[in-house]
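>>> Any chance you can model this:
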Amino acid sequence: MKKPKHSEPAKSSQNMPLTEQALVYLRDAIRTGKLNPGQEIDYAGLAQELSMSRTPIRESVRQLLTEGLLELMPGRTVCVTQVSSEEAESFYQVLHDLEIAAARAAAVHISDLEIKMLKANLSIFNDSKNEPEKLSQIDSQFHNLIYGACNNKYLSQTLKVLRIRIGLLKVQSFDKPARIKSAYREHMEIFKALKSHDPNLAEKAISKHISNARKYRLSLL
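As a prediction, this is how the structure comes out:
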């Protein structure tokens with residue numbers, strides 16, 4: 001997803017209700033780091049930036065509070081959630097199990113078009129080895145493709161929110177060439193397992209990938 005311009009919501013969301021537009025914008029701002037952990041939500045600034053009243057922004061904030069991406073602070077200010085290493089460990093435990101469920105289902109339901117999209121993503125990842133920040137976005141797209149292929153919108157939505165929340169850990173996932181190479185190999189193994197439509201292979205491949213990502217990111221904290 002392209003980062004929306006500062007002056008208006010993303011074009012792809014302009015036909016959505018205003019609350020949904022604000023929700024999409026805020027989630028993307030948190031995911032990309034435009035809004036950082038601990039940063040206070042500026043209702044007036046957002047209303048001006050998104051060309052809408054504060055009401056839909058407040059409604060979207062309430063939703064993000066329930067998702068754990070925002071937290072209510074003393075004085076009733078709302079800030080982007082700060083995640084501790086202990087919380088991150090818990091998140092990864094849940095993420096691991098849900099990723100397995102999604103990968104197993106995707107192995108059964110994935111279409112030829114989705115397989116081609118995963119293959120294209122792998123190619124883009126390989127061509128972007130020297131752009132760590134870009135790799136994080138490509139990695140998210142890879143996993144989102146799997147979520148879309150799992151044929152379970154509730155599982156998909158839960159995983160997308162959980163990955164955004166884990167992204168609140170401000171550590172670089174792809175800051176070293178060795179990790180970039182291993183992540184690419186792991187993605188390739190996942191791709192091959194899904195292409196073969198083998199749920200057991202998909203589970204093995206995604207489990208290895210999530211476990212390695214967890215160990216690497218938590219080691220940086």
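>>> from here on, contacts and neighbour counts on C-alpha atoms
Will do.
>>> how about the strands in this structure?
Taking DSSP state E, the strands of the chain run over residues 70-72, 78-80.
>>> residue with max distance from the center of the protein?
Farthest-out residue of the chain from its mean C-alpha position, per CA atoms, centre = their mean: residue 75, at 29.9 Å.
>>> returning to that earlier point: can I get the strands of the chain in JSON lines with mean pLDDT and distance to residue 207?
Shown next, in JSON lines, are the strands of the chain (pLDDT from 0 to 100; distance: least, CA to CA, whole Å):
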{"stretch": "strand 70-72", "mean pLDDT": "93", "distance to residue 207": "29"}
{"stretch": "strand 78-80", "mean pLDDT": "95", "distance to residue 207": "29"}
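>>> so can I have JSON lines of those strands showing distance to residue 155 and mean neighbour count?
Below are the strands of the chain laid out as JSON lines (distance: least, CA to CA, whole Å; neighbours: other CA atoms under 10 Å):
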{"stretch": "strand 70-72", "distance to residue 155": "21", "mean neighbour count": "20"}
{"stretch": "strand 78-80", "distance to residue 155": "24", "mean neighbour count": "21"}
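>>> Select, out of the ones you listed, the one closest to residue 16.
strand 70-72 (22.0 Å; CA to CA).
>>> helices or strands up against the closest one?
Here strand 70-72 touches helix 54-67, strand 78-80, going by 3 or more CA pairs under 8 Å, 6 or more residues apart in numbering; DSSP states H and E.
>>> most tightly surrounded among these?
strand 78-80 (a mean of 21; mean count of other CA atoms under 10 Å).
>>> before we move on, the earlier item: is it possible to export the strands of the chain to TSV including distance to residue 55?
Listed next are those as TSV, based on distance: least, CA to CA, whole Å:
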stretch	distance to residue 55
strand 70-72	17
strand 78-80	15
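>>> Looking at those, which is nearest to residue 156?
Of all those, it is strand 70-72 that lies closest to residue 156, at 20.3 Å by CA to CA.
>>> burial count for residue 131?
Residue 131 has 12 neighbours, counted by other CA atoms under 10 Å.
>>> Got the domain ranges for this protein?
11-80, 85-219 (automatic domain parsing).
>>> mean confidence for the last one?
Domain 85-219 comes out with an average pLDDT of 92.
>>> Quote the end-to-end distance of that domain.
With CA to CA, to the nearest Å as the measure, domain 85-219 spans 9 Å from end to end.
>>> that older thread, for the residue farthest from the centre of the chain, which residues are in contact?
By CA atoms under 8 Å, 6 or more residues apart in numbering, the contact set of residue 75 is empty.
>>> For the protein, which segments count as helices?
Shown for the chain, the helices assigned by DSSP state H span residues 18-32, 43-50, 54-67, 85-109, 112-127, 132-149, 153-166, 177-195, 199-219.
>>> Of the ones you listed, give the one that comes closest to residue 79.
In terms of CA to CA, the element of those nearest to residue 79 is helix 54-67, at 9.5 Å.
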